[in-house]
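Visitor: take a look and give me a structure for this.
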Amino acid sequence: MNIEKISEDAGQLETKAHVLTDQVTVLRTSDDQWAQLRATRDGAPIIFPWKLALTLEGRVFHITVGAFSTPVGDGGVIDLDQPEFTIAMPANQVLIPFRVSAQMLMPFIDFDSDEREILFAADRTQTIVNGTATAEVVFNMRTDNPRTSAVTARSAYSANSTAPTLDLELARIVAIGDIQGAAANAHWNKGLLVYEPTESPFLVGPSTLIGYWGGSVSTTGFGQAIWAELPLSAIS
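Guide: Next up, the predicted model:
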């Protein structure tokens, strides 16, 4: 920001502030250095939430797991080596999850207390990219695509990946079925999980954000994830 002197009269100083318009090309610096204040192209200072600032910068991305009316899931219990989706970040990049959600379809109940669950977790030290799976298209949340994502996103694993280590369990829900004495009275608890943290973890690559759903009965579902990406140099 530059301060321009306009006039000075009887000890009263009138000034005008000029702020650098820096809506897309952001000038980053290291700690303990002077930084230029940013403004949008109409001169409004950028003081809005940092998530919106990262979206405007083109650093926020999205995937959808499952296509339209076709869900994902192998129909069994959660298998550590066959996630429903992985978002793998390479070295020297940082993944910041903003919102991860999943919706399980309603399966038949075979027995009282059948269960189904959703789990979101992170492997802090490796990128999970192998195994037979579907490559997911990563979309920029700015639809003019000013930046390309650094991640590898995959879903619907049908053969084992490298076994992940679930260092961080980010969110989980377990839904229990209840027959109530007769199949006609059977019902499920809700099968929906939304992880939208106030304090997002910074997953420094190599790392992987992982989603699972499954249960003691055949369970399929859909998922969505939104996250931001930064170069490691932005935070170190």
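Visitor: specify the residue ranges that define each domain of the chain.
Guide: According to automatic domain parsing, the chain comprises the domains 1-41, 53-234.
Visitor: what segments of this protein are helices?
Guide: Assigned by DSSP state H, the helices in the chain fall at 50-56.
Visitor: where does it dip in pLDDT?
Guide: 1-17, 22-23, 75, 107-112, 179-189 (pLDDT under 70).
Visitor: mind running it again at 50?
Guide: Scanning the chain for pLDDT under 50 picks out 1.
Visitor: so which of the domains of the chain is the most packed in?
Guide: Stretch with highest mean neighbour count among the domains of the chain: domain 53-234 (a mean of 18; mean count of other C-beta atoms under 10 Å). The way it works is simple: take the backbone N, C-alpha and C, and place the C-beta from them, glycine included.
Visitor: and that domain, how far out from the chain middle?
Guide: 9 Å (C-alpha atoms, centre = their mean, to the nearest Å).
Visitor: what's the first-to-last distance across that domain?
Guide: With C-alpha to C-alpha, to the nearest Å as the measure, the first residue of domain 53-234 is 14 Å from its last.
Visitor: and stretch 201-211, by the same measure?
Guide: 16 Å.
Visitor: do stretch 71-80 as well
Guide: 19 Å.
Visitor: can you tell me how far Leu80 sits from Thr220?
Guide: The gap separating Leu80 from Thr220 is 18 Å, by C-beta to C-beta, to the nearest Å.
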